[in-house]
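**Q** attaching a predicted model along with its sequence, questions to come.
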Amino acid sequence: MPGKKCNAIPASTDYWSLRLYIAGQTERSRRALSNLKEVCEQNLKGRYHIEIVDLRKKPQLASGHQILAVPTLVRKLPTPIKRIIGDLSVRERVLVGLDLHPI
Amino acid sequence: MSTPRLKSAPKNGIEKCPTGITGLDQITGGGLPKGRPTLVCGTAGCGKTLLAMEFMVRGATQFKDPGVFVSFEESDKELTENVASMGFDLSGLQARKKIVLDYVQVERGETETAGDYDLEGLFIRLESAIKAVGAKRVVLDTIESLFAGFTDTDLLRSELRRLFRWLKSQGVTAVVTAETGEGKLTRHGIEEYVADCVVLLDHRIEEQSSIRRLRVVKYRGTMHGTNEYPFLIGDTGFSVLPLSSLKLDHKASTQRISTGVARLDTMLGGRGFYRGTSVLLSGGAGTGKSSLAAHFVQAACRRGERALYMASEQSSDEVIRNMRSIGIDLEPWIKRGLLRFYASRPGAFGLEKHLLTIHDLAAAFAPHVVVIDPITNFESVGTHSEVKSMVTRLIDVFKSRQITAMFTSLTSGDSAEEISEVGVSSQMDTWLLLRNLEGNGERNRGLYVLKSRGMAHSNQIREFVLTDNGVQLHDVYVGPSGLLTGSARVAQEARERAEELQRKQQLERKNLDLRQKRQKLEADIARMREEFKAEEQELARDARLMESHEKQLTLDRREMAQARSADVVPVHSNGRA
């Protein structure tokens, strides 16, 4: 369920933990978020959660997590970690990048 | 009351941010443009990172400007290690919150792109780093790395434009490094956005020597040196060596110091060289230049001054041994720390490294007197004009520290001497020439003063002889066949001595004659006196005799008169009745 942290994580390949880095609420960041939600709903329903990190609010994470481009999407789970940059409007690229095969 | 004045532009135009790097502030007329970005470009390994790093570190340590160093290539640890040997303590500076090192790892090739993006993340990082220490100086090293991580070059370009505008708005002086491209200043044409100041570093191998050069390609709004300047990366970081100080503002001393050879001092207006001047001592092979230089050095040490002897042909031991043979012992001065040798073959390093070493030695050891023996050896590692420019810079270094410098120079022929030296000699204040004088089946050496600025000097050639007691200068004789030197001189001297002896003997003889005459005269006088005295005595005796005779006569007459009982008549005074 989005926004909630599950302690009991089922088999790692099944559960997706995604983090979206944005730099304040902009047109682009809203687009990215809505695109992401769409993809997740379509492909990972019920087994994902999205964390939003606003670099404007937590600037130290830009260097800590080595984020240059914004928006950046990071798939933390399942491993290996994957990165995608952009507003996620190119659906194919998102799927390839996340290593998601459309259901 | 005062008349309204027109507001004029600041005196020097753009405000400058001093770098603290030797020579660079000089070339740029005060430093890099303040509050603007400067582009430093060059090939790999030419020193861009170091230049940028030194700019930031000196900003923090010397100018109280905190700084941010964003590195796209090396980690904090690597950077810290690399510059530790130059005395830059990055960890210490970080701990004291004077600088921030930010290592930006650009993901290469792994990142999928799915739509529009910008590099706001970088901006945020920079902003937070600048805020953390209140940075006034920012370095981005190297901006090229961004191009490796992001394929959208158009986007990158526009973001870079935005970045430089943003840096300006932050009021920081930024140094951005980039790699040079084929025929372009930078591979990706960044110089279009960094329009205020562009510095190009070059590193090439010429004649097996590594040469580093720096050029200020562009500096808007400022007069700057436009030449290529050699630079070195030494123990204390970057050193840019301008061709000469752009102003000739050395102080001129009026103090005189001895050359070490008394007769030579007299040839130089009676007192020797002016302190802080440059002396050229040229001559052919084996004419005794090093010996004269050794005298000069010894004289300085005897005065308690420090001397630096740079030998480019012999080791210090060799010099010491050779000088002993003419009665100069340099060893004790070394032991007392007054004399230092620097012996190094010119081919060991490039000209710039030599120049820098000498410069550093002059600063560290602070000699009063320097000998460079010989300067001509350096032509094996540089062209004539390069050596000349090196000499110019050396003279500059020495004059600014009031060091009296003696340069020896090997010349080839006898008559060509003066011509070949013209390039270097014009910069020298005093020029001594040692010349071979051939004649009479032997070769001797002559020394004369070709020029000596600021003093009256002898125009006579003196014969220059190396003896067990050092260098000696003799008068040359001008005989009917020309100069007499060597054995001819000795013969002449002998002849003169013989003549003098003869004259002396003549005089002696005359004196003797005179003495004899006097003795005789005195004897005669004595004898005549004696005779005269004898006669005098005789005369006196006769006179006495006559007197007593007269008296007796008178007495007798009276007696007779009495006996005859004559009338007593008073006796007249004359005894007559």
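**A** That came in fine, so what should we check first?
**Q** with adjacent residues omitted, what lies nearest to A:Arg28?
**A** Excluding its sequence neighbours, the residue lying closest to A:Arg28 (Cβ to Cβ, 6 or more residues apart in numbering or on different chains) is A:Asp87, at 4.9 Å. For the C-beta atoms, the positions are set from N, CA and C on the backbone; glycine is no exception.
**Q** distance of B:Leu308 from B:Arg453?
**A** 23 Å (Cβ to Cβ, to the nearest Å).
**Q** over to B:Ser145?
**A** Computed as Cβ to Cβ, the B:Ser145 to B:Arg453 distance reads 56 Å.
**Q** B:Leu308 and B:Arg453: which is more packed in?
**A** Neighbour count, other Cβ atoms under 10 Å in any protein chain shown: between B:Leu308 and B:Arg453, B:Leu308 has more, with 24 against 13.
**Q** so which elements touch whichever strand or helix holds that one?
**A** Take DSSP states H and E as the rule and B:Leu308 turns out to sit in strand B:307-311. Packed against strand B:307-311 by the contact rule (3 or more Cβ pairs under 8 Å, 6 or more residues apart in numbering or on different chains; DSSP states H and E) you find helix B:289-302, helix B:316-324, strand B:339-343, helix B:351-365, strand B:369-373.
**Q** just the CA atoms of the third one, as PDB, please.
**A** Meaning strand B:339-343. Extracted C-alpha coordinates of strand B:339-343, given in PDB (Å, rounded to 0.1, in the frame of the first residue of the first chain):
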ATOM      1  CA  LEU B 339      78.800  28.600   1.300                       C
ATOM      2  CA  ARG B 340      76.400  26.300  -0.400                       C
ATOM      3  CA  PHE B 341      76.900  24.400  -3.600                       C
ATOM      4  CA  TYR B 342      74.200  23.400  -6.000                       C
ATOM      5  CA  ALA B 343      75.600  21.100  -8.700                       C
END
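**Q** what packs against that strand?
**A** Secondary elements touching strand B:339-343 (3+ Cβ pairs under 8 Å, 6+ apart): strand B:307-311, helix B:316-324, helix B:331-335, helix B:351-365.
**Q** in its sheet, what does that strand sit against?
**A** The pairing partners recorded for strand B:339-343 under DSSP bridges are strand B:307-311 (parallel).
**Q** what's the most buried one of the helices and strands packed on strand B:339-343?
**A** Of all the helices and strands packed on strand B:339-343, strand B:307-311 has the most neighbours on average by mean count of other Cβ atoms under 10 Å in any protein chain shown, namely a mean of 25.
**Q** which other residues reach that one?
**A** Residues external to strand B:307-311 that are found in contact with it (Cβ atoms under 8 Å, 6 or more residues apart in numbering or on different chains): B:293, B:297, B:300-301, B:316, B:319, B:333, B:338-344, B:358, B:361-362, B:365, B:367-373.
**Q** just the angle between it and helix B:289-302, please?
**A** Put simply, strand B:307-311 runs at 160 degrees to helix B:289-302, going by axes from the mean of the first three to the mean of the last three Cα atoms, to 10 degrees.
**Q** check the offset of strand B:307-311 from the chain's centre.
**A** How far strand B:307-311 lies from its chain's middle: 10 Å, per Cα atoms, centre = their mean, to the nearest Å.
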